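[1] what's the 3D shape of this:
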Amino acid sequence: MWCQTKHVCLERALESELNVDLPSTQILLMDQLQSLMDAYDASELENTFYSPQDIQKTVSLSIQDEPMSDQSLLKSLATIVSCTPKTSNPSFFNQLFGGKEDVAVLADMMVARMNNSMYTYKVAGPHILIEQEVLSQACSVLGYENGEGVFCPGGSIANLIAMILARNSIDPNSRDQGLSQNGYVAYTSEQGHYSIKKNAGIIGIGRNNVREIAVNESGEMSAEALSEQLEWDLAAGLTPFFLNLTAGTTVLGAFDDVARMSDIANQHKLWVHVDGSYGASVLLSKKYAVLLRDVNLAHSVAWNPHKMMGVPLTSSMLLCKNKGLLANSFSEVSDYLFQEDTDELNPGIKSIQCGRRNDAFKVWALWKQLGNKGFSRRIEKQFYLRDKVVSMINSDPDFELIMEPVSLNVCFRYRDIASDKICSALDKRGLGKVGHGSFNQQHFIRMVIVNPNLALEDLENFLATIKRVARTLKDRGRTE
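    So this is what the prediction gives:
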């Protein structure tokens with residue numbers, strides 16, 4: 001089993017790290033870990049739904065005054081693991097992530113065991129060099145010849161960092177003295193991520209100063225609508241400063257046209273950011289990199305390896321076209337922390353955080369294992385499975401494809417039954433997890449084919465399950 005192999009690998013890695021035999025306490029730790037992974041593996045193919053009330057009845061979550069025995073604690077941990085939704089389950093299509101890559105999981109387990117923080121070389125050692133290599137490789141993929149980057153806890157924070165860089169670029173004294181004026185305006189697609197509005201509130205721009213630009217029939221930002229809104233805001237005496245483009249929107253998986261939108265933005269000196277949290281990974285495939293052509297025109301890019309690349313959550317990067325911008329916006333004097341080495345070896349000066357988890361190691365481990373060619377095959381397998389699902393839907397008269405997918409999001413509906421009711425019934429009955437969405441007044445099931453370890457049979461079975469549930473809902477409606 002997966003856990004048995006990884007248990008042995010982890011134990012040997014720990015022995016090698018310490019250069020001694022494992023003491024009894026660490027052997028016990030490994031045995032407990034083995035038990036927990038056995039509990040997870042035993043339930044990984046299950047989809048049992050547990051309500052909050054079910055959880056409360058199944059295991060005590062309260063923290064008590066007295067210590068708990070190791071055996072009782074292990075039992076509670078195993079129960080929680082068994083009740084947790086399984087994101088590698090062959091019926092999990094709910095999020096923009098799914099599945100797992102074993103070497104990345106092992107590396108992430110080692111990160112917790114080593115417990116380093118990524119602000120200085122003194123504390124993190126070789127992991128600073130590993131992080132530099134991953135960020136350098138990512139910048140190279142983007143075409144950033146003089147780029148830099150930083151790992152951060154999620155795409156929302158990556159977008160926040162980009163907005164801070166843009167604010168500081170147009171208003172250089174804002175970091176020290178606050179905004180010099182009101183009326184800065186940011187632009188994003190109406191299909192873009194909600195973090196743009198949230199972040200505008202955080203950095204003092206104001207949520208009401210975010211313009212959500214209309215999209216075309218494919219879900220891409222409209223160049224005409226953007227130009228028109230810019231003219232309106234300029235005429236009103238406002239100051240446009242930031243344009244967020246999306247590479248893989250959450251619902252449709254649409255890619256905004258970077259070249260065309262950058263041309264418009266450059267006319268008004270806007271900072272151009274690409275939220276590629278979901279879709280930037282297509283650049284690893286020569287076949288599908290065309291979806292994000294001209295990305296090198298952007299000033300910054302958000303990229304989440306924990307999505308298409310299959311790295312465990314969380315793993316997010318904010319990448320900048322030019323070096324020096326991150327330190328200019330986030331560096332602080334801290335004699336008690338930055339005591340050794342050069343700034344290049346102390347990435348804490350470039351981070352919005354102080355203590356920072358090592359999220360680069362698992363990316364590096366998987367990238368080393370697969371190489372660029374292996375990642376290309378992984379991405380192309382995902383798109384292959386997507387095409388198969390589309391073919392299955394198009395050949396079934398009970399289904400209707402909403403639009404031809406650009407990314408891995410397949411949007412479709414079962415005729416005559418509300419999509420949200422189907423998705424809820426699948427979840428509550430323990431048959432699978434899939435989300436629903438809406439676009440142009442059409443409501444549909446959104447099936448994300450992001451797990452390349454699925455077999456065609458898994459896809460066929462899930463579509464058959466959707467049909468079976470839809471028919472039971474239809475029959476129930478007739479009898480009510």
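[2] touching, Asn209 and Ala186? I think so.
    Yes - contact criterion C-beta atoms under 8 Å: Asn209 and Ala186 qualify, at 6.5 Å. Using the backbone N, CA and C atoms, a C-beta is placed for each residue, glycine as well.
[3] show me the common contact partners of the two, please.
    With contacts taken as C-beta atoms under 8 Å, 6 or more residues apart in numbering, Asn209 and Ala186 have Ala200 as neighbours in common.
[4] quick one, which of these two is more surrounded?
    Per other C-beta atoms under 10 Å, whichever of Asn209 and Ala186 has more neighbours is Ala186, with 26 against 22.
[5] what helix or strand does the more buried one sit in?
    Assessed by DSSP states H and E, Ala186 sits inside strand 184-189.
[6] for the helix or strand following that strand, packing partners?
    In the C-terminal direction, the helix or strand that comes right after strand 184-189 (DSSP H and E) is helix 195-202. Contacts defined by 3 or more C-beta pairs under 8 Å, 6 or more residues apart in numbering; DSSP states H and E place helix 195-202 against helix 155-170, strand 184-189, strand 210-213.
[7] which of those is buried the deepest?
    strand 184-189 (a mean of 25; mean count of other C-beta atoms under 10 Å).
[8] convert the host helix or strand of Glu457 to PDB, retaining C-alpha atoms only.
    Taking DSSP H and E as the definition, Glu457 sits inside helix 456-479. Provided in PDB are the C-alpha atoms of helix 456-479 (Å, rounded to 0.1, in the frame of the first residue of the first chain):
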ATOM      1  CA  LEU A 456     -11.800   6.500 -18.000                       C
ATOM      2  CA  GLU A 457     -13.900   4.000 -16.100                       C
ATOM      3  CA  ASP A 458     -14.000   6.500 -13.100                       C
ATOM      4  CA  LEU A 459     -15.300   9.200 -15.400                       C
ATOM      5  CA  GLU A 460     -17.900   6.900 -16.900                       C
ATOM      6  CA  ASN A 461     -19.000   5.800 -13.500                       C
ATOM      7  CA  PHE A 462     -19.400   9.300 -12.200                       C
ATOM      8  CA  LEU A 463     -21.500  10.400 -15.100                       C
ATOM      9  CA  ALA A 464     -23.700   7.300 -14.700                       C
ATOM     10  CA  THR A 465     -24.000   8.200 -11.000                       C
ATOM     11  CA  ILE A 466     -25.100  11.700 -11.900                       C
ATOM     12  CA  LYS A 467     -27.800  10.300 -14.200                       C
ATOM     13  CA  ARG A 468     -29.000   7.800 -11.600                       C
ATOM     14  CA  VAL A 469     -29.300  10.500  -8.900                       C
ATOM     15  CA  ALA A 470     -31.000  12.900 -11.400                       C
ATOM     16  CA  ARG A 471     -33.600  10.300 -12.300                       C
ATOM     17  CA  THR A 472     -34.400   9.600  -8.600                       C
ATOM     18  CA  LEU A 473     -34.900  13.400  -8.100                       C
ATOM     19  CA  LYS A 474     -37.100  13.500 -11.100                       C
ATOM     20  CA  ASP A 475     -39.200  10.500  -9.900                       C
ATOM     21  CA  ARG A 476     -39.500  12.000  -6.500                       C
ATOM     22  CA  GLY A 477     -40.700  15.300  -8.000                       C
ATOM     23  CA  ARG A 478     -43.500  13.300  -9.800                       C
ATOM     24  CA  THR A 479     -44.700  11.800  -6.600                       C
END
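[9] and this structure, what are its domains?
    Listed domain ranges for the chain are 2-84, 111-366, 371-479 (source: automatic domain parsing).
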